[in-house]
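S.K.: Could you look at this predicted model? Sequence included:
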Amino acid sequence: MSLPKAELHLHIEGTLEPELAFELAARNGVALPYADTDALRKAYEFEDLQSFLNLYYELMAVLRTEQDFADLADAYLARAAAQGVRHAEIFFDPQAHLARGVGMGTVVDGLWRALGRSEATHGVSTQLIMCFLRDESAASAMETLEAAKPYLDRIVGIGLDSAEVGHPPVKFREVYEAAAALGLRRVAHAGEEGPPSYITEALDVLGVERVDHGLRCMEDPALVERLVRERVPLTLCPLSNVRLRTVDTLADHPLPAMLDAGLLCTVNSDDPAYFGGYAGDNFDAVCRTLGLTDERLRELARNSFTASFLEHDEERRARYLAEVEAYEFE
C-alpha cells in the first residue's frame, strides 16, 4: 500500500534479504551454512523471539565494511519508498557489530552514506536510533553510549531491543539517564513478550517517549487509560507478531481494539526480510485481514507522522500529513 507513512520501528539489520546476504558473504569471504537463498528462506520459520534472534545475529557476520552497511540501508530505503514510506526512523544494533570487531564508525559512517542522500535518492527523510541489546549488561550499554559520542550529530535517539523476558527496563536506568542528559530521544521495546509492567517501567524509569510494540498493554485497563491520556505512541508490527507467535494469527491481532480504545497506534515492519513484509505490506495485511476502513488506515498513517521525532521540522511534518489527507484509495 502506497499510502504516505512514516516507519518508526525498523531494525536495519532485519532488512537483510537472503540475496544480499549471499552477495555480501561472497564479497567478504564469509561462508554461510546454507546451500542457497531458498535454503536460507526455509530457516525463516520461528518458534519465538529467541529463535529469530539466533538467525538474526548469525547473518550479521556478512556485514563488515562501510559499503556493506550503505548497501543494506540503500536496499531498505528503495523498498520502503516504493511502499509509501516518506520518513523512516531507523534502529541499529552497534553492540552486535562491536562484538565482531566492526567499529562504531564503520557502522554509522556506512549507514550514513545511504541515509545522508536518502531524500535525494529515494524521497525519504531519515533519522537514526541506536539500540542497546537488553540481554547484554547495563555496563556494556553504557560503554556503547560512550563509543557513540563522536557520532551523535547523526544519532537522534536510543532504544532497547533483543530478548525481552527477564530483562526489565529498570536494568538500563543509568544509561537512559545519561542519554537524556545528552539530549537524545528515548524509546524502548516493551510489552511484546514481556508483561504490561515492563511498559509502565519503560515510561516511569526510562522516560521513554514512544513504546515499541506495547500490544500487551491491553491486559491492563489502567495502563491503556494512561497511554491514551498521555498520548504515548505505540509502534506495532503486525506481521512480526504473527511470525514470532506473539499472536496466533493476524485475525487475532488486537489492533482494531487498540484503535477503538483511543491508543495512538502506528503500523511498522520491524525486521521485514524475516517477517514477510515491509511497511506497505503490513498495511495491506491489516486492511485485508482485520477489515480496517480507509479512514482507519488514514488514521494509522497520520499517527505515524504525529509520533515521529520531527519536532525540529514542523513544516515537513505538516507537508507529510497533507499528503496523507490527499491520498486516494483505490
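M.R.: All right, it came through fine. Numbers count the residues shown, from 1 in each chain.
S.K.: For the stretch 1-150 of the chain, which segments count as strands?
M.R.: 5-11, 85-92, 125-133 (DSSP state E, counting those that start in this stretch).
S.K.: could you redo those as JSON lines and give each row distance to residue 77, mean pLDDT and mean neighbour count?
M.R.: Heads up, the C-betas are built off the backbone N, CA and C, glycines and all. Shown next, in JSON lines, are those (distance: least, Cβ to Cβ, whole Å; pLDDT from 0 to 100; neighbours: other Cβ atoms under 10 Å):
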{"stretch": "strand 5-11", "distance to residue 77": "10", "mean pLDDT": "98", "mean neighbour count": "29"}
{"stretch": "strand 85-92", "distance to residue 77": "7", "mean pLDDT": "98", "mean neighbour count": "26"}
{"stretch": "strand 125-133", "distance to residue 77": "8", "mean pLDDT": "98", "mean neighbour count": "23"}
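S.K.: okay if I get those strands as a markdown table plus distance to residue 305?
M.R.: Formatted as a markdown table, those follow (distance: least, Cβ to Cβ, whole Å):
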| stretch | distance to residue 305 |
| --- | --- |
| strand 5-11 | 5 |
| strand 85-92 | 7 |
| strand 125-133 | 11 |
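S.K.: where does the stretch 1-150 of the chain dip in pLDDT?
M.R.: Nowhere does the stretch 1-150 of the chain drop to pLDDT under 70.
S.K.: Go through the strands of the stretch 1-150 of the chain and name the closest to residue 154.
M.R.: Among those, strand 125-133 comes nearest to residue 154, with 5.8 Å by Cβ to Cβ.
S.K.: Which residues does residue 211 form beta bridges with?
M.R.: residue 188, residue 234 (DSSP bridges).
S.K.: quick one: contacts for it?
M.R.: 187-188, 190-191, 199, 202-203, 217, 227, 232-235 (Cβ atoms under 8 Å, 6 or more residues apart in numbering).
S.K.: and the closest residue to residue 102 other than its chain neighbours, what does it touch?
M.R.: Nearest residue to residue 102, sequence neighbours excluded (Cβ to Cβ, 6 or more residues apart in numbering): residue 64, at 6.3 Å. Going by Cβ under 8 Å, 6+ apart, residue 64 touches 24, 28, 30, 102.
S.K.: again, but for residue 152
M.R.: 182, 184.
S.K.: mind checking pLDDT for it?
M.R.: Per-residue confidence at residue 152 stands at 97 (pLDDT).
S.K.: max-length helix in the protein?
M.R.: helix 66-82 (DSSP state H).
S.K.: I'd like to know which elements it is packed against.
M.R.: When contacts are defined as 3 or more Cβ pairs under 8 Å, 6 or more residues apart in numbering; DSSP states H and E, helix 66-82 packs onto strand 5-11, helix 18-28, strand 85-92, helix 104-115, helix 118-122.
S.K.: got these as JSON lines, with distance to residue 148 columns?
M.R.: Below are the helices and strands packed on helix 66-82 laid out as JSON lines (distance: least, Cβ to Cβ, whole Å):
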{"stretch": "strand 5-11", "distance to residue 148": "17"}
{"stretch": "helix 18-28", "distance to residue 148": "24"}
{"stretch": "strand 85-92", "distance to residue 148": "10"}
{"stretch": "helix 104-115", "distance to residue 148": "6"}
{"stretch": "helix 118-122", "distance to residue 148": "20"}
